[in-house]
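*Asks:* following is a predicted model, sequence given first.
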Amino acid sequence: MRIRAAVLREPGRPVAVEEVELDGPQADEVLVRVAAAGVCHSDVHLADGVLGNGRWPMVLGHEGAGVVEAVGERVTHVAPGDRVAFSFVPSCGSCRSCRAGRRNLCEPAGRNALAGMLMDGTSRLRGAGGEVLQHGLMTACFAERTVVAAAGAVPLEAGIPLWQAALLGCGVVTGAGAVRNTAGVRLGDSVAVIGCGGVGLQVVAAAGLAGAGRVVAVDRDRAKLELALARGATDAVDVSDEENMVKRIRAAAGGGLDWAFEVIGRPSTMRLAWDVLRPGGTAIVVGLAPVGVEVSLPAIEFLSEKSIKGCFYGSTDVADELPRLARLVASGRLPLADVISRVTGLDGVDDALERLRRGEGARTVIVMDRELAQAPELVA
Ligand SMILES: [Zn+2]
Ligand SMILES: [Zn+2]
């Protein structure tokens with residue numbers, strides 16, 4: 001079938017909407033009519049070509065929600081008409097990582113995502129000239145329709161409009177999972193969140209829900225800090241002036257912190273996360289850094305049992321965790337509408353990427369079908 005989709009042709013060129021060809025689902029796949037999709041900083045990294053060569057041409061978009069239109073013959077967990085959110089790690093369940101209970105690290109899912117293919121190593125997408133297009137992180141949801149692996153379509157209960165559910169599959173799962181699974185924040189712990197964009201604001205809210213005693217939001221944008229305070233941060237530290245920032249963050253928490261979440265992906269902020277820790281504290285790196293970036297730490301401080309830990313996709317089984325988080329959203333305990341700074345149409349993808357490059361706003365949501373998404377008025 002013919003669909004409209006936002007295609008990355010090559011880094012440095014605007015991401016433009018094209019008519020592309022989408023094949024129907026194979027036995028273990030699902031065809032979804034996309035209602036809405038969130039624009040994430042990883043999309044900027046892909047569009048800028050800093051996640052490695054050969055990752056184009058590609059239909060971008062890895063966080064979204066929609067309604068199932070057709071399923072392959074072996075798919076039983078969803079049926080046409082079901083509302084779903086996407087998971088960009090449709091774990092296989094049988095590789096070494098999956099068997100060890102670390103489904104976010106599924107090996108075939110990782111390999112195929114890097115290649116831009118579905119789980120059988122092939123693509124359902126072709127450009128107007130018949131050339132193969134990659135599926136962005138196995139999701140490719142900056143498009144009117146998409147075909148995903150069965151495990152990439154996670155059923156949603158009623159209760160959340162799809163323009164908000166669009167954020168569940170990357171920002172919410174990553175942010176909440178970093179707090180609950182990668183870290184394991186406990187009642188009364190002190191937490192710093194360095195970078196309060198689309199994912200950082202989810203870390204802030206989840207740390208509050210986990211009962212952290214202090215949640216120190218750190219950013220250089222006043223509006224994002226205000227939003228963090230409204231989402232449960234106890235303190236905000238503006239680092240647009242970098243003077244004494246380590247001291248100021250530690251002072252806000254009444255001393256070194258138990259946890260510091262880095263949600264930007266830069267060596268300087270990873271180092272900042274390390275520097276604000278108390279002895280025995282842990283820095284969690286959630287931010288995605290371009291290929292080739294290195295970080296350095298004062299090794300003597302390993303003596304104080306500080307740790308630094310990586311985090312991918314909330315260290316979780318998304319099929320299990322996403323519906324739990326959706327319930328928190330539906331009950332009003334984890335609001336999402338406030339982090340959506342802009343709602344626009346498919347033609348607004350490139351503009352949304354540009355806004356993220358400038359650090360403007362938290363999350364843009366691309367709405368493909370306003371009625372299906374139950375979305376407010378779109379801005380051009
Ligand atoms: Zn993302
Ligand atoms: Zn696996």
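*Replies:* Sure thing, it's come through. Ligands and ions are numbered 1, 2, ... in the order given.
*Asks:* what about the residue in the stretch 151-300 of the chain positioned nearest to ligand 1, neighbour count?
*Replies:* Closest residue of the stretch 151-300 of the chain to ligand 1, CB to the ion: C170 (3.4 Å). From N, CA and C alone the C-beta is placed, and that goes for glycine too. By the criterion of other CB atoms under 10 Å, C170 has 32 neighbours.
*Asks:* how far away is it from V318?
*Replies:* C170 sits at a distance of 10 Å from V318 (criterion: CB to CB, to the nearest Å).
*Asks:* just to revisit the earlier point, wait, a helix at the residue of the stretch 151-300 of the chain closest to ligand 1?
*Replies:* Yes: remark: C170 belongs to a helix, assigned using DSSP: H, G, I helix; E, B strand; the rest coil.
*Asks:* now do the contacts for the residue nearest to it when sequence neighbours are not counted.
*Replies:* Spatially, and ignoring its direct neighbours in sequence, C170 is nearest to E63 (3.6 Å; CB to CB, 6 or more residues apart in numbering). Counting by CB atoms under 8 Å, 6 or more residues apart in numbering, E63 touches 37-38, 40, 86, 88, 139, 141, 166-171.
*Asks:* kindly report the residues of the protein close to ligand 2.
*Replies:* 91-92, 95, 98, 106 (CB under 5 Å from the ion).
*Asks:* again, 8 Å this time
*Replies:* 91-99, 103, 105-109 (CB under 8 Å from the ion).
*Asks:* which ones among those residues lie within helices?
*Replies:* 96-99, 107-109 (DSSP state H).
*Asks:* separation between the most centrally placed residue in the chain and L325?
*Replies:* In the chain, the residue lying closest to the centroid (CA atoms, centre = their mean) is C170, at 2.7 Å. C170 sits 12 Å away from L325, going by CB to CB.
*Asks:* what do you get for T364?
*Replies:* From T364 to L325 the distance is 21 Å (CB to CB).
*Asks:* next helix or strand past the longest strand along the chain?
*Replies:* Longest strand in the chain, counting residues (DSSP state E): strand 29-39. Using DSSP states H and E, the helix or strand that directly follows strand 29-39 along the chain is helix 41-47.
*Asks:* contacts for that following helix?
*Replies:* With CB under 8 Å, 6+ apart as the criterion, helix 41-47 contacts 8, 11, 15, 51, 55, 58, 60-62, 136-137, 170, 197-199, 265, 288, 290, 353, 356-357.
*Asks:* do I have it right that V246 meets V276?
*Replies:* Yes: counting by CB atoms under 8 Å, V246 does reach V276; the two are 5.7 Å apart.
*Asks:* which of the two has more neighbours?
*Replies:* For V246 versus V276, neighbours defined as other CB under 10 Å are more numerous around V276 (28 against 15).
*Asks:* residue contacts, that one?
*Replies:* 192, 246, 249-250, 253, 256-257, 260.
*Asks:* contacting residues for the nearest residue to it once chain neighbours are set aside?
*Replies:* In space, and not counting its chain neighbours, V276 is closest to I249: 4.7 Å by CB to CB, 6+ apart. Applying CB under 8 Å, 6+ apart to I249 gives the contacts 192, 216, 218, 237, 257, 272, 276.
*Asks:* distance of the fourth one relative to A260?
*Replies:* Spatial separation of V237 from A260 under the definition CB to CB is 12 Å.
*Asks:* those two: who's more crowded?
*Replies:* A260 (32 against 21).
*Asks:* helix, strand or coil for the more buried one?
*Replies:* With three-state DSSP as the criterion, A260 reads strand.
*Asks:* now it, nearest residue through space, not along the chain?
*Replies:* A273 (3.8 Å).
*Asks:* what helices and strands are in contact with the helix or strand where that neighbour lies?
*Replies:* Element membership for A273, per DSSP H and E: helix 267-275. In terms of contacts (3 or more CB pairs under 8 Å, 6 or more residues apart in numbering; DSSP states H and E), helix 267-275 is packed against strand 190-194, helix 245-252, strand 257-262, strand 277-285, strand 307-310.
*Asks:* all helices of the stretch 201-350 of the chain, in order?
*Replies:* Secondary structure of the stretch 201-350 of the chain by DSSP state H, counting those that start in this stretch: the helices cover 222-230, 245-252, 267-275, 318-330, 349-357.
*Asks:* enumerate the residues of this structure near ligand 1.
*Replies:* 38, 40-43, 62-63, 88, 137, 170-171, 174, 198-199.
*Asks:* now these as a markdown table including pLDDT and distance to V30?
*Replies:* Converted to a markdown table, these look like this (pLDDT from 0 to 100; distance: CB to CB, whole Å):
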| residue | pLDDT | distance to V30 |
| --- | --- | --- |
| G38 | 98 | 19 |
| C40 | 95 | 22 |
| H41 | 93 | 27 |
| S42 | 94 | 22 |
| D43 | 95 | 22 |
| H62 | 97 | 16 |
| E63 | 98 | 17 |
| F88 | 97 | 14 |
| L137 | 96 | 16 |
| C170 | 97 | 18 |
| G171 | 96 | 22 |
| T174 | 98 | 22 |
| G198 | 93 | 25 |
| V199 | 96 | 26 |
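*Asks:* which one of these is nearest to A150?
*Replies:* Using CB to CB, F88 comes nearest to A150 of those, at 13.8 Å.
*Asks:* can you count the residues close to that closest one?
*Replies:* 27.
*Asks:* where does it land in three-state SS?
*Replies:* Bear in mind the rule, three-state DSSP; under it F88 is coil.
*Asks:* residue contacts, it?
*Replies:* F88 touches 62-63, 113, 137-139, 152, 169-170, 313, counting by CB under 8 Å, 6+ apart.
*Asks:* residues contacting the nearest residue to G61 once chain neighbours are set aside?
*Replies:* Leaving aside its chain neighbours, G61 sits nearest to F142 (3.4 Å; criterion: CB to CB, 6+ apart). By CB under 8 Å, 6+ apart, the contact set of F142 is 5-6, 15, 37, 59-61, 136, 346, 349, 366.
*Asks:* understood, closing this out.
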